[in-house]
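Enquirer: got a sequence here, can you model it:
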Amino acid sequence: MNPLEENPGRSASNRSLLRGADILRAFRPGSDLLGNGEIAERTGLSNSTVSRLTQTLVAAGLLQQDRARRAYRLAPLVLSLGHAMRSGSQVLAIAAPRMRALAERERINVGLAYPDRDEMVYLESIRYNRRVALRNVVSGQRVPMELTSLGQAYLATAPLERYQVLKPIFKRRNGRHWPEVQQAIEASMESMNSKGYCWASWQPEVVALSTAFPSSEGTCVINVSVSTQEHVDRWVKTLAPHLLRLKEDICLELSKLPEP
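Expert: Model (predicted):
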């Protein structure tokens, strides 16, 4: 049983499905072609399990096999599933035009993300900051949960038991830097409780503020960010009202949706 699964399956067939999802998660930008050995190393699954499941995923149309290189890549079906997910999201339908309007008006970056295990996944990212950013954030991109304002805002609203499950992973991943990372997480939790938002600057010259809210699609987290060399406090004071107003507008519109 994987402790990262919030609702782990109990039957053997469910475990196979969860392991298949683990294999799909192993594919990242820059790791588009993986052999069975690499997949086993990334997932912690045995070579025999990986070999069996990769063949099943090929048959299901989720992986393509490159026989010449003895490796696999994600199949087009995965992209179509992502498109279906985005087009079917009521939260995104409501949030996207408001995010874009804010980004254009204030010339800032605005994002919407969801948690996935120990990471955050962007559902939408609108980039309008006047300065050239050091990185380009796109839909589907993953970022570390424990280092980002997105992840810290989620942790502040998630059940404490969830944080306790994730904490050993964060500690192992950050090594000697864990004490300062833990301190930043706890400070963000306090900020979320007292102010309704938190901020982080895990990338050089990037300041990001985030807040979280519940929805029928799970916990959603929105952020605003800028690339700047100016003092952090100035931007926190400037961005916080915009972020909280955006959250209020989205939540108001979500509350008007008919209940299923």
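Enquirer: return the set of residues that bridge with Val143.
Expert: Taking DSSP bridges as the rule, Val143 bridges to Met120.
Enquirer: for Pro76, see how far away it is.
Expert: 25 Å (CB to CB, to the nearest Å). Backbone N, C-alpha and C define where each C-beta goes, glycine included.
Enquirer: looking at the two, which is more packed in?
Expert: Taking neighbours as other CB atoms under 10 Å, Val143 and Pro76 compare with Val143 leading, 21 against 10.
Enquirer: ends of stretch 127-142, what's the gap?
Expert: Start and end residues of stretch 127-142 are separated by 16 Å (CA to CA, to the nearest Å).
Enquirer: quick check: mean pLDDT of it?
Expert: Here stretch 127-142 scores 72 as its mean pLDDT.
Enquirer: what do you get for stretch 75-90?
Expert: Averaging pLDDT along stretch 75-90 yields 96.
Enquirer: in the chain, which spans are helices?
Expert: Secondary structure of the chain (DSSP state H): helices at 12-25, 36-43, 47-59, 76-87, 90-106, 149-157, 160-174, 178-195, 232-255.
Enquirer: closest to Ile126 out of those?
Expert: helix 90-106 (4.4 Å; CB to CB).
Enquirer: roughly how far out does the closest one sit from the chain middle?
Expert: Mean-position distance between helix 90-106 and its chain equals 18 Å (CA atoms, centre = their mean, to the nearest Å).
Enquirer: could you export that helix as CSV, CA atoms only?
Expert: Taking Å, rounded to 0.1, in the frame of the first residue of the first chain, the C-alpha atoms of helix 90-106 are listed here in CSV:
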residue,chain,number,x,y,z
GLN,A,90,-16.0,23.9,-13.9
VAL,A,91,-13.4,25.6,-11.6
LEU,A,92,-11.2,26.3,-14.6
ALA,A,93,-14.1,27.6,-16.7
ILE,A,94,-14.9,30.1,-13.9
ALA,A,95,-11.4,30.9,-12.9
ALA,A,96,-9.6,31.3,-16.2
PRO,A,97,-11.2,34.5,-17.5
ARG,A,98,-10.8,36.1,-14.1
MET,A,99,-7.2,35.0,-13.9
ARG,A,100,-6.5,36.4,-17.3
ALA,A,101,-8.2,39.7,-16.6
LEU,A,102,-6.1,40.1,-13.4
ALA,A,103,-2.9,39.1,-15.1
GLU,A,104,-3.4,41.5,-18.0
ARG,A,105,-4.5,44.4,-15.7
GLU,A,106,-1.6,44.1,-13.2
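Enquirer: can you pull the buried residues of it?
Expert: For helix 90-106, a neighbour-count test (16 or more other CB atoms under 10 Å) marks Val91, Leu92, Ile94, Ala95, Ala96, Arg98, Met99, Leu102, Ala103, Glu106 as buried.
Enquirer: try stretch 56-72
Expert: Neighbour-count burial for stretch 56-72, counted by 16+ other CB under 10 Å, picks out Thr56, Leu57, Leu62, Leu63, Gln64, Ala71, Tyr72.
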